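Enquirer: Whatever this is, show me its structure:
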Amino acid sequence: MLSEKSAFFSNLPYAIYVEANGDPTGTCCLFIPGGYHTGFCYTKTPDGRDGWGKIAANYGYHSLITDVPGTGRSGGVPFEKINSQFIVDAYVDLINKIDQKVIIFVHSLSGSIGFKIAETIPNKVSHLVAVEPSMFGNIQEVLIPKTETDEMVCVNFHGLEFKLDMTKAAPASQQVIDRFTTKNDSTKLLFPKYSEQHLDQYAASLQNQHPRLLYELFNIRESKLKIENFGSLKCIQFLVLTSPDDPLHKEDDIKIVTKLREEGCNVEHWNKGAHGTEGNTHMMMIEKNNENIFIEINKWILNNK
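Expert: Next comes the predicted model:
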């Protein structure tokens, strides 16, 4: 049995770094970070408060905070092995070794990965909490690059220019950092209202991103993971959280929710500032009201068993 605070790696070849917090006999929450992030975004906020993973432990959950294979402390995976299906297989292997159903938290890039995990092992997933998740390939527009060679891909994704060097992972560009730290008016709850030191701490936490995961995130040449059997998702409770001021996800998240509902899945959608998310943006798990949002998520979990 794991102690209340411990860390371990999942089996090779996946080597997921896992930080465990809380009562090992409690309901398991598994946290998967989005692109450029590690599990640190679920551990601490830029101003040093507890992140959702630690808060979950305080609420009696067994919290497993992870780094995606090939990123951060899970970096011991050969570069050429990394793609979205490898990440799915890695988490399926980890979850299958947990002796109970899990509640999965995903964010942004890891959204489509989380949906695929749920489809693959629906008997092991009770709930999926998706914060501004990426779409599954069934509903996402196929993107054709401006230019593409074996080594370099240039693409415009929702107004952001990306030049992917397919031979190496790359740091977050300033335009990506600006998107994660959207400046807003004084009524907002964003962490950019902290000091510049906190902004610098946040930027320093970001990791180099594997280009294949971005390639597939953008659905270049129909490379995005698809859901093959929506029927397997009907036994899972889904919660999608959309920040009210995010121009990208206000549209994309509705497509996800609509498709899941059309397929008969159980989905709740918090948008337009519902449940205390007014003023939040893409990084709500580390913003000023992160604990209040988790309290609302916890209520949803308890009401949807």
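
Enquirer: quick one, what contacts Glu80?
Expert: For Glu80, the contact set (C-beta atoms under 8 Å, 6 or more residues apart in numbering) is empty. C-beta here means a position set from N, CA and C on the backbone, and glycine is covered the same way.

Enquirer: From Lys168, how far out is it?
Expert: According to C-beta to C-beta, to the nearest Å, Glu80 and Lys168 sit 11 Å apart.

Enquirer: again, but for Gly137
Expert: 25 Å.

Enquirer: Check Phe157 too.
Expert: With C-beta to C-beta as the criterion, Phe157 and Lys168 are 19 Å apart.

Enquirer: now swap in Pro145 and tell me
Expert: In terms of C-beta to C-beta, Pro145 sits 18 Å off from Lys168.

Enquirer: Of these two, which one has the most company?
Expert: Taking other C-beta atoms under 10 Å, Pro145 and Lys168 do not tie; Pro145 has more neighbours (17 against 11).

Enquirer: can I assume that one is in contact with Val155?
Expert: Yes. Using C-beta atoms under 8 Å, Pro145 is in contact with Val155, at 4.6 Å.

Enquirer: remind me which residues of the stretch 51-200 of the chain are low pLDDT?
Expert: Residue ranges of the stretch 51-200 of the chain with pLDDT under 70: 182-195.

Enquirer: mind listing the helices for this structure?
Expert: 52-58, 84-96, 110-120, 174-180, 196-205, 211-217, 249-262, 290-303 (DSSP state H).

Enquirer: With distance to His282 and mean neighbour count as added columns, please give those in JSON lines.
Expert: As requested, these are exported to JSON lines (distance: least, C-beta to C-beta, whole Å; neighbours: other C-beta atoms under 10 Å):
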{"stretch": "helix 52-58", "distance to His282": "15", "mean neighbour count": "23"}
{"stretch": "helix 84-96", "distance to His282": "20", "mean neighbour count": "20"}
{"stretch": "helix 110-120", "distance to His282": "12", "mean neighbour count": "25"}
{"stretch": "helix 174-180", "distance to His282": "6", "mean neighbour count": "15"}
{"stretch": "helix 196-205", "distance to His282": "12", "mean neighbour count": "14"}
{"stretch": "helix 211-217", "distance to His282": "14", "mean neighbour count": "23"}
{"stretch": "helix 249-262", "distance to His282": "7", "mean neighbour count": "18"}
{"stretch": "helix 290-303", "distance to His282": "13", "mean neighbour count": "17"}
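
Enquirer: pretty sure Ser223 is touching Leu213, no?
Expert: No. At 10.3 Å, Ser223 does not count as touching Leu213 under the criterion of C-beta under 8 Å.

Enquirer: List the contacts of Tyr202.
Expert: Pro46, Phe180, Thr181, Phe191, Ile286.

Enquirer: Look up how far Glu287 lies from the third one.
Expert: Applying C-beta to C-beta, one obtains 10 Å for the distance of Thr181 from Glu287.

Enquirer: Give me the more crowded residue out of the two.
Expert: Just comparing Thr181 and Glu287: by other C-beta under 10 Å the higher neighbour count belongs to Glu287, 24 against 19.

Enquirer: does that one really touch Asn280, like I thought?
Expert: Yes. Between Glu287 and Asn280 there is a contact under C-beta under 8 Å: 5.6 Å.

Enquirer: if I read this right, Ile297 contacts Leu239, doesn't it?
Expert: Yes. The pair Ile297 / Leu239 is scored as a contact, 6.9 Å apart, by C-beta under 8 Å.

Enquirer: what is in contact with the two at once?
Expert: Joint contacts of Ile297 and Leu239 (C-beta under 8 Å, 6+ apart) are Val129.

Enquirer: where exactly do the strands run in the stretch 51-200 of the chain?
Expert: Assigned by DSSP state E, counting those that start in this stretch, the strands in the stretch 51-200 of the chain fall at 62-67, 102-107, 125-131, 147-148, 152-157, 160-165.

Enquirer: Generate a markdown table for the ones you listed, with distance to Arg261 and mean neighbour count as supplementary columns.
Expert: Converted to a markdown table, these look like this (distance: least, C-beta to C-beta, whole Å; neighbours: other C-beta under 10 Å):
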| stretch | distance to Arg261 | mean neighbour count |
| --- | --- | --- |
| strand 62-67 | 29 | 26 |
| strand 102-107 | 19 | 25 |
| strand 125-131 | 14 | 24 |
| strand 147-148 | 35 | 12 |
| strand 152-157 | 26 | 16 |
| strand 160-165 | 29 | 15 |
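
Enquirer: Dump those to a markdown table, plus distance to Lys305.
Expert: Output for these, formatted as a markdown table (distance: least, C-beta to C-beta, whole Å):
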| stretch | distance to Lys305 |
| --- | --- |
| strand 62-67 | 16 |
| strand 102-107 | 11 |
| strand 125-131 | 8 |
| strand 147-148 | 47 |
| strand 152-157 | 38 |
| strand 160-165 | 39 |
